[in-house]
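Chemist: how does the following fold in three dimensions:
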Amino acid sequence: MMEGANDDQGFETSSFEKMTIKGSRMLQHWLDRSTIHIWPRWIFFFVLVGIFLLRVYVTDGFFIIAYGLGIFLLNNFIGFLSPLEDPAGDIDDGLTLPTTKSDAEYRPFARRMPEFKFWWSCTKGVMNSIVMTFFSIFDIPVFWPILLLYFLMLFFMTMKRQIIHMYKYKYIPISFGKTKYKGKEEGMFGGGAAGSLKGRAE
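Modeler: The predicted structure follows:
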């Protein structure tokens, strides 16, 4: 009897693991398919934010959850705006961000947090916050105007520091449209295509 019970328990555990793996693969499949659909993804995110704010308004509570979500989204946004390599520590090793100088080699802007990862992290944060609003244990009584004031101060101070950093190292993390760059007439070893052909001819 004991062996039969253990076999049944092992079968149930194995079935649960298979379902978990299957669900994870299905989720990853839809995430991969949604990668190229930027606008629908962000519309879905803002719909979730609207649902969360509606929950907070209707229940007249969970302000501490809203404050925590705001800090979480702000932290992700700063990661989205920040370069992968800190230019302050890469001045001497040639890994600085591209500047406006004509003789500087163009380097594409690499984010610390890519757009898709930024969206998915924020979306998961909002979904978790919505779920938490259904549990009264998270409804901690607080004076929400103080939280709102503190968050606004933190937001403006953080964004001011980020903008100063962007201005100091001359990079723009958000681009509008596709920029075309014209290479020099001469390549690395005296030229691009012209320099290469010239070198081969010699």
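
Chemist: now tell me which helix or strand of this protein has the poorest mean pLDDT.
Modeler: The helix or strand of the chain with the poorest confidence is helix 193-201; it has a mean of 45 (mean pLDDT, DSSP states H and E).

Chemist: pretty sure Y171 sits in a helix.
Modeler: No - assigned with DSSP: H, G, I helix; E, B strand; the rest coil, Y171 falls outside any helix and is coil.

Chemist: that one touches P87, doesn't it?
Modeler: Yes - at 7.5 Å, Y171 counts as touching P87 under the criterion of C-beta atoms under 8 Å. No exception for glycine: its C-beta is placed from N, CA and C like everyone else's.

Chemist: which residues are in contact with I140?
Modeler: I64 (C-beta atoms under 8 Å, 6 or more residues apart in numbering).

Chemist: my guess is it is in a helix, correct?
Modeler: No - under three-state DSSP, I140 sits outside any helix and is assigned coil.

Chemist: distance of it relative to G50?
Modeler: 23 Å (C-beta to C-beta, to the nearest Å).

Chemist: likewise M113?
Modeler: Counting by C-beta to C-beta, the gap from M113 to G50 is 24 Å.

Chemist: what helices or strands is whichever strand or helix holds F151 leaning on?
Modeler: In the assignment (DSSP states H and E), F151 maps to helix 144-169. Contacts defined by 3 or more C-beta pairs under 8 Å, 6 or more residues apart in numbering; DSSP states H and E place helix 144-169 against helix 63-81.

Chemist: just checking, next helix/strand downstream of the helix it packs on?
Modeler: Next element after helix 63-81 (DSSP H and E): helix 115-132.

Chemist: measure how buried F46 is and give me the count.
Modeler: By other C-beta atoms under 10 Å, 10 other residues sit near F46.

Chemist: low pLDDT regions in this structure?
Modeler: 1-13, 88-108, 175-202 (pLDDT under 70).

Chemist: S136 and F72: what is the separation?
Modeler: 22 Å.

Chemist: more neighbours, those two?
Modeler: The neighbour comparison of S136 against F72 (other C-beta under 10 Å) goes to F72, with 17 against 9.

Chemist: hmm, K124 and the more buried one touching each other?
Modeler: No - F72 is beyond contact range of K124, at 9.8 Å (criterion: C-beta under 8 Å).

Chemist: could I get the contacting residues of L81?
Modeler: By C-beta under 8 Å, 6+ apart, the neighbours of L81 are R111, Q162, M166, P173, I174.
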